[in-house]
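Colleague: have a look at this prediction, sequence included:
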Amino acid sequence: MDSVFKRLYTDYQQDVFQFLIYLVKNRDIAEDLMQEVFIRVMKSYEGFQGKSSEKTWLFSIAKNVAIDHFRKQSTIKKRIMSSFDWSKKEQAADSLLPSEIAELNESMRELYACLDQCTTDQRMVVIMRYIQELSIAETAQILGWTEGKVKTTQHRAIKSLRDKMSKREGEEGSERFKVE
Amino acid sequence: MSGSKWNDKEIEKMLNKMPVIKNRQSGQVMYEKIKGNERKKDKKRAGWIPVAASLAALLLLLLLIPPFFATNEQFNLSSGNEGADSAADGSAEEQTENFSANSIEEEQKDFSLDERAAEEHASSPDQDREEEFADDGATGSENTESDSHVKPESEEEQSDENQDAAVQTPADEDPSQKTSLFTAEAAGHTYLKTALVTEEGYVIPFTFLLPDKENEDNAVNLYNRWANEIDEEGMGFINYHPVANHLSVTEQNGINGVIDQNNEYTQDSFSPDLMELVLKQTFGSGNYTGFTFVNEEGDKVNLDEEMELEISLSNDNKGYYLFRNERSSQVYFAQSEKSFATIEDAFTEMQQVTPNEDYLTALPEELSIQTVQENELLTVTPSEQINAYSVEEKKRFIEAVLLTAESFGIQEVMFENIEDFNELGFDLEKPLTVPAGPNMYMMK
C-alpha cells in the first residue's frame, strides 16, 4: 500500500467518515464519498503546500465532495419532484439509521433527525463545531468563509434545531393527549 | 415556543454527546477500491487501442485503393487542420453555426475524429505521465483535482453512456475555432450573457449572440426579452430560465425579480447556491448593486434563510476550467466559484486543482506560466513545452487565459513562446483583446 495513503488514511479516516456520514446519513453513500475524497487527496497531495494543516485540507476536500454530491442530488430532485413521494424517502433514510444512533435515547435520536431539516451549510457547521470539535478558525478555513459567517451560521443552526425540537415536543404532547 | 424544555445550551450539550459512527472500511479495502477504480479506467483507455488499430488499418486500405478517396472527401477534410486559416477570418454566423452543430455526427465523422485522436495519442506529452498513473493504482482517477487537465480525446475517459459519442466542440470541426465571443467578431449583433444549469447542478456561463442589434442594451431588458427563448433542454441543460416573471432595475441600480407566491423556489429542492451562481454569471458584469426577489406587491421575498435578501452580483477575479456536458457531449468553459486575489494565483490554482470532479483544467500542470502586467496589458509566457500540445489544447489554453484576464479587468493579453499560431485562429504577433464572454451561442 502506498505509504502516503496509508498514513493519511490511518490519521484521518475516522474524522472524514464521521463528517460525511453525519452529513449524508447513509453509510453506503458516506463510504462512496470517502473513496472519492481519498482519490482526490492522492491526486492533489503533491500540490499540497502546507498553507493549512493536513486536517483542514482533508476536510475541505471532503466538504467539496459532499457539496458536489448534494448539488447533484438537488438538481436531480428538482427534475423529478412531481413524481416523487417524499414520505418514502424519509422511510428509506430511517431504515438506514446507523446502529450507534439507533441505540441513543429518544431526544438524541430526534435531534439527529432534526439535523436533516437544517440547511447544508448549517449542518456542516454543526458537525464540524460540535461533533468534530473543530475550532471556529478551522471551520472557517475549511469552508472558505469568514469566522463571522461561521458564528452566524452556527447561531442560526442552533436556533433552528431548538425550534424544531420544541415543535416536535409540542406535536408529541398533543399526540399523547389525543391517545390518553 | 414558551414553556419548552429546549434551550441553546441544552441543544449544544446534546450535539457534543453525539456518538462516534465508526468507519468500517479498512485502509486496505479502501486502497483496493481506489486501485480497482483506476484499473477500470485503464481498461476503458485500453479499449481505444484495438479501435485505433482497426481504424489505422482501414485508413491504410483507403490509401491503397485510390477510388475510395473520391467518395470519402468529407473524411479527408475533417481529419486535418486545413480549414484553420479560413475560419480565423470567418463571420460570427459561420462560427456559431458550427458551434451549435449536433454533437453526435454521422459515423464517418466519428471515424475521422477517432483517427485524429489516435495520432495525438502518439505525440502528446501527457502520454508518459498518464501511463505512470496507470502503473500506480493509488493515484486514482484522472477526472479529479490536480491532474485533470484535458487529454487528447484518445486518452480522455468517456462516460459509459457516451462511449461512442465523439466530443464535438467547434475545435473538433476546426481546431482554430474559438468558442468565446470576441466583440470584433460580433458583427454588430447584441449579445446576452447568462448561465445555464446542467442536470448535475453545474452552472455554465454562455454568451448568446442575438440575431440583430437590439435597442435594449441594458442586460436586464435583454434578459426579459430573451431568457425564455433559450432552448435550454435542447442544448443539454435543465430548464432554469427565466429566474423570475419579470425583472426591473431599481432607482439604486439594483435588480428586482418578480416571482409568484407559489413559485418552485420555496420548495425543498431549491438550491440557493445554484441561484446565486446563475445570477452572478448573468448580471455580474453589469454595475448592478444586487438582486432581490420580490412578490407581485413589491415586497421582498426571502427564498431561503441562508440567502441574503439582496443577493450580491459581484463576479470578478474568476478562473476558467473546462466542463464536458454529458448530455450534449460538448465541452464548455466553466467559471470558478472562487475569486482569486491575483491573476497569478488564479493561473496556479487553475493548473493544479479543479473545483470538482467534473471540471478539467485548461492549463496543463506541467507548464510554467510567467506573467507580467503593465496597466491593462498582460504578457503571458508559458514554457516551451506548450508547443508539444495539440492545436486544440493550445487554443483552450489561450482562451482560458483570455477569459480569466477578462474577469480581472485586463483588456489585452500578449502571448509569448507559442509557435505555429496561425493554426490556432489567433494572431499572436500582437496583443489579443479579451473576449466579451465564454461559450458563444447563436440565438435564432
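Modeller: Sure thing, it's come through.
Colleague: could you use CA atoms for every contact and neighbour count after this?
Modeller: Will do.
Colleague: find the residue ranges of chain A scoring beneath the pLDDT cut-off.
Modeller: Low-confidence segments of chain A (pLDDT under 70): A:1, A:74-96, A:172-180.
Colleague: where does it get nearest to chain B, which residue?
Modeller: The minimum distance from chain A to chain B, using Cα to the nearest Cα, falls at residue A:72 (4.3 Å).
Colleague: what sits closest to that residue if chain neighbours are left out?
Modeller: With sequence-adjacent residues excluded and distances taken as Cα to Cα, 6 or more residues apart in numbering or on different chains, residue A:72 is closest to residue B:200, at 4.3 Å.
Colleague: the one you found contacts residue A:71, doesn't it?
Modeller: Yes. Assessed by Cα atoms under 8 Å, residue B:200 is found in contact with residue A:71 at 6.7 Å.
Colleague: how close does residue A:170 sit to residue A:117?
Modeller: Per Cα to Cα, to the nearest Å, residue A:170 is found 17 Å from residue A:117.
Colleague: what's the answer for residue B:246, then?
Modeller: With Cα to Cα as the criterion, residue B:246 and residue A:117 are 31 Å apart.
Colleague: what of residue B:209?
Modeller: 42 Å.
Colleague: these two: who's more crowded?
Modeller: residue B:209 (24 against 15; other Cα atoms under 10 Å in any protein chain shown).
Colleague: next one, pLDDT for the closest residue to the more buried one other than its chain neighbours please.
Modeller: In space, residue B:209 comes closest to residue B:191 once its chain neighbours are excluded; the distance is 4.4 Å by Cα to Cα, 6+ apart. For residue B:191, the pLDDT comes out at 92.
Colleague: so what's residue B:191 up against?
Modeller: By Cα atoms under 8 Å, 6 or more residues apart in numbering or on different chains, residue B:191 lies in contact with B:207-210.
Colleague: repeat that with 10 Å
Modeller: Residues near residue B:191 by Cα atoms under 10 Å, 6 or more residues apart in numbering or on different chains: B:181, B:183, B:206-214, B:217, B:219, B:222, B:436-437, B:440-443.
Colleague: out of the residues you listed, which end up buried?
Modeller: B:181, B:183, B:206-210, B:219, B:222, B:436-437, B:440-443 (16 or more other Cα atoms under 10 Å in any protein chain shown).
Colleague: residue A:17: neighbour count?
Modeller: Other residues near residue A:17 come to 24 when the count uses other Cα under 10 Å.
Colleague: so how far is residue B:24 from it?
Modeller: 9 Å.
Colleague: give me the common contacts of those two.
Modeller: A:27, A:31.
Colleague: regarding the closest residue to residue A:110 other than its chain neighbours, what are the backbone dihedral angles?
Modeller: Excluding the flanking residues, the one nearest residue A:110 by Cα to Cα, 6+ apart is residue A:165, at 7.3 Å. Backbone torsions of residue A:165, given as degrees, to the nearest 10, read phi -70, psi -40.
Colleague: for residue A:165, give me its contacts.
Modeller: Contacts of residue A:165 (Cα under 10 Å, 6+ apart): A:107, A:110-111, A:113-114, A:159, A:171, B:4-7, B:11.
Colleague: again, but for residue B:195
Modeller: B:202-208, B:240-241, B:277-283, B:334, B:439.
Colleague: now intersect those with the strands, please.
Modeller: B:203-208, B:334 (DSSP state E).
Colleague: could you export the residues you listed as TSV, including pLDDT and distance to chain A?
Modeller: Formatted as TSV, the ones in strands among the contacts of residue B:195 follow (pLDDT from 0 to 100; distance: Cα to the nearest Cα, whole Å):
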residue	pLDDT	distance to chain A
B:203	93	11
B:204	96	14
B:205	97	17
B:206	97	19
B:207	96	23
B:208	94	24
B:334	96	15
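Colleague: for these, give me JSON lines that also has distance to residue B:390.
Modeller: Below are the ones in strands among the contacts of residue B:195 laid out as JSON lines (distance: Cα to Cα, whole Å):
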{"residue": "B:203", "distance to residue B:390": "27"}
{"residue": "B:204", "distance to residue B:390": "25"}
{"residue": "B:205", "distance to residue B:390": "25"}
{"residue": "B:206", "distance to residue B:390": "25"}
{"residue": "B:207", "distance to residue B:390": "26"}
{"residue": "B:208", "distance to residue B:390": "28"}
{"residue": "B:334", "distance to residue B:390": "21"}
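Colleague: looking at those residues, which one is closest to residue B:399?
Modeller: For these, the closest approach to residue B:399 (Cα to Cα) belongs to residue B:334, at 11.6 Å.
Colleague: count of residues packed around that closest one?
Modeller: Around residue B:334 there are 25 residues (other Cα under 10 Å).
Colleague: and it, what does it touch?
Modeller: By Cα under 10 Å, 6+ apart, the contact list for residue B:334 reads B:195, B:202-206, B:318-324, B:359-361, B:400, B:438-439.
Colleague: how about a cut-off of 7 Å?
Modeller: B:204-205, B:320-323 (Cα atoms under 7 Å, 6 or more residues apart in numbering or on different chains).
Colleague: list just the nearest of these to residue B:38.
Modeller: residue B:323 (21.0 Å).
Colleague: ok, now how distant is that closest one from residue B:195?
Modeller: Between residue B:323 and residue B:195 the distance is 13 Å, computed by Cα to Cα.
Colleague: hmm, back to that, over to the residue nearest to residue A:72: give its phi and psi.
Modeller: phi -80, psi 0.
Colleague: my guess is it contacts residue A:68. True?
Modeller: No. Using Cα atoms under 7 Å, residue B:200 makes no contact with residue A:68, being 8.5 Å away.
Colleague: from chain A, how far out is residue B:313?
Modeller: 18 Å (Cα to the nearest Cα, to the nearest Å).
Colleague: make that residue B:190, sorry
Modeller: According to Cα to the nearest Cα, residue B:190 and chain A sit 31 Å apart.
Colleague: now that residue. Nearest residue, chain neighbours left out?
Modeller: For residue B:190, the spatially nearest residue (Cα to Cα, 6+ apart) is residue B:213, at 4.8 Å.
Colleague: is it fair to say the one you found lies in a helix?
Modeller: No. Residue B:213 sits outside any helix when classified using DSSP: H, G, I helix; E, B strand; the rest coil, being coil.
Colleague: against chain A, how distant is it?
Modeller: 35 Å.
Colleague: my read: that residue touches residue B:189, true?
Modeller: Yes. Residue B:213 is in contact with residue B:189 according to Cα under 7 Å; the separation is 4.5 Å.
Colleague: on that earlier part again, can you tell me which of the buried ones among the contacts of residue B:191 is closest to residue B:367?
Modeller: residue B:437 (25.1 Å).
Colleague: how far does stretch A:42-53 sit from the chain's center?
Modeller: Offset of stretch A:42-53 from its chain centre (Cα atoms, centre = their mean, to the nearest Å): 23 Å.
Colleague: how about it: buried residues?
Modeller: A:42-45, A:48.
Colleague: these also near chain B: which ones?
Modeller: Among the buried residues of stretch A:42-53, the residues lying close to chain B (Cα under 7 Å from any Cα of the partner chain) are A:42-44.
Colleague: mind giving me the domain ranges of chain A?
Modeller: When chain A is parsed with automatic domain parsing, its domains come out as A:1-103, A:105-180.
Colleague: tell me which element residue B:316 falls in.
Modeller: Using DSSP states H and E, residue B:316 sits in no helix or strand.
Colleague: any idea how many residues pack against it?
Modeller: 19.
Colleague: how about the nearest residue to it, chain neighbours excluded?
Modeller: Excluding its sequence neighbours, the residue lying closest to residue B:316 (Cα to Cα, 6+ apart) is residue B:407, at 5.3 Å.
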